[in-house]
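Visitor: predicted model, plus sequence, below.
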Amino acid sequence: MTNYVLVGDVGGTNARLALCDVDTGEISHIHTYSGDDYDTLERVIRHYLTGQNVAVKEACIAIACPITDDWVEMTNHSWAFSINAMKASLALEQLEIINDFTAVSMAIPMLTEKDVIQFGGGQAIAGKPIAIYGAGTGLGVSHLIQAEKRWISLPGEGGHVDFAPNSEEEDNILSVLRAELGHVSAERVLSGPGLVNLYRAIVKADGRLPENLLPKQVTEQALADSCIDSRRALSLFCVLMGRFGGNLALNLGTFGGVYIAGGIVPRFLDFFRASGFRAAFEDKGRFKDYLLDIPVYLIRHEQPGLLGAGAHMRQLMGHQL
């Protein structure tokens with residue numbers, strides 16, 4: 001009989017739940033739920049489990065917020081809960097709640113060549129640190145290191161570091177956004193809402209009134225080349241993604257590679273490939289040569305959060321990844 005654990009990937013928009021085969025790590029029975037349709041995460045989990053004809057005693061849920069103690073409050077959603085109370089209510093023997101990018105980082109050892117696209121650099125060096133970041137509803141960041149035969153994720157809230165402009169155009173954008181928001185984090189420009197912020201700031205910096213656009217509309221207009229402001233915003237988004245990734249590589253010497261996750265970049269892959277992303281990644285003055293050989297990979301796997309949540313739980317249960 002197959003032994004399963006429940007895994008989840010909960011973001012600011014959707015909650016994805018699935019079963020993970022403890023022996024193989026295979027993910028199956030994936031269901032996606034809108035966070036707006038349920039008042040608590042526990043209700044989503046209960047609804048999912050009633051449709052699965054298996055007994056589950058362990059679960060690992062990756063969630064888009066800091067995990068520091070028993071009480072969990074999502075950053076971009078209203079859900080909040082006690083880990084211990086949910087564990088007891090669901091009658092689980094083990095419940096792991098981890099940051100969503102902890103899960104994405106733990107998926108890295110499970111990925112194959114067909115699960116990634118490389119953007120520049122050379123070969124990843126085995127055993128060296130790895131950086132992971134990705135833009136979606138927010139900006140997630142994590143690092144991954146290997147100690148003996150175990151993988152250790154280093155979670156953090158790197159998406160909320162200061163946005164650091166590096167050109168006159170970016171200075172103007174920071175001025176506009178600072179007047180609106182006060183503190184301007186990297187997430188304020190590198191996320192779905194951040195893409196809209198870039199568009200709006202570009203237009204306002206030129207002394208004009210921006211349209212009220214959604215992230216999807218900014219992207220569509222940029223790709224259709226029907227709006228120069230949207231195209232400028234998407235181009236700058238790619239450059240800022242490169243610069244931010246280069247910062248992560250410098251922070252921890254990530255010669256094991258830098259991985260991009262999140263749902264935004266795959267929507268404009270050809271545009272991203274032709275953009276200034278890689279040049280911005282390497283644009284670190286005296287340390288350009290340090291970054292030249294560090295590879296950047298875009299994760300193509302459809303469910304890295306679920307895959308990583310399963311890997312995290314399997315490693316805790318004694319399996320080698």
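Guide: That came through fine. Residues are numbered from 1 along each chain as shown.

Visitor: any chance you could list what contacts the helix or strand where I97 lies?
Guide: Assigning secondary structure by DSSP states H and E places I97 in strand 94-99. Contact with strand 94-99 is made by 57-67, 72, 83, 86-87, 140, 142, 153, 155, 309, 312-313, 316, as judged by CB atoms under 8 Å, 6 or more residues apart in numbering. No exception for glycine: its C-beta is placed from N, CA and C like everyone else's.

Visitor: repeat for stretch 267-282
Guide: With contact meaning CB under 8 Å, 6+ apart, stretch 267-282 is reached by 117, 119-120, 219, 222-223, 234-235, 238-243, 245-246, 249, 258, 265, 288, 291-292, 296, 298.

Visitor: pull out the buried residues from the contacts of strand 94-99.
Guide: When these are checked for burial by 16 or more other CB atoms under 10 Å, the buried set is 58-65, 67, 72, 83, 86-87, 140, 142, 153, 155, 309, 312-313.

Visitor: and the strand holding I97, what's buried?
Guide: In strand 94-99, counting by 16+ other CB under 10 Å, buried: 95-99.

Visitor: got CSV for the residues you listed, with pLDDT and distance to G253 too?
Guide: Conversion of the buried residues of strand 94-99 to CSV gives the following (pLDDT from 0 to 100; distance: CB to CB, whole Å):
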residue, pLDDT, distance to G253
L95, 97, 35
E96, 97, 29
I97, 97, 30
I98, 95, 24
N99, 90, 22
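
Visitor: ok, those residues vs D21, which is closest?
Guide: When the buried residues of strand 94-99 are compared for distance to D21, the smallest value, 17.0 Å, is given by E96; criterion: CB to CB.

Visitor: quick one: the closest one from E73, how far?
Guide: When CB to CB, to the nearest Å is the yardstick, E96 and E73 sit 18 Å from each other.

Visitor: and for G51?
Guide: According to CB to CB, G51 stands 28 Å off from E73.

Visitor: quick one, which of the two is more surrounded?
Guide: When G51 and E73 are compared on other CB atoms under 10 Å, the one with more neighbours turns out to be E73, at 12 against 9.

Visitor: list the contacts of the spatially closest residue to that one that is not a sequence neighbour.
Guide: Using CB to CB, 6 or more residues apart in numbering and skipping residues adjacent in sequence, the residue nearest E73 is A80, 4.3 Å away. Neighbour list for A80: 71-74 [criterion: CB under 8 Å, 6+ apart].

Visitor: which residues in the stretch 101-250 of the chain form helices?
Guide: Applying DSSP state H, counting those that start in this stretch to the stretch 101-250 of the chain gives helices spanning 168-181, 192-205, 215-224, 228-252.

Visitor: just how off-centre is the longest one within its chain?
Guide: This means helix 228-252. 15 Å (CA atoms, centre = their mean, to the nearest Å).

Visitor: many thanks, I have nothing further to ask.
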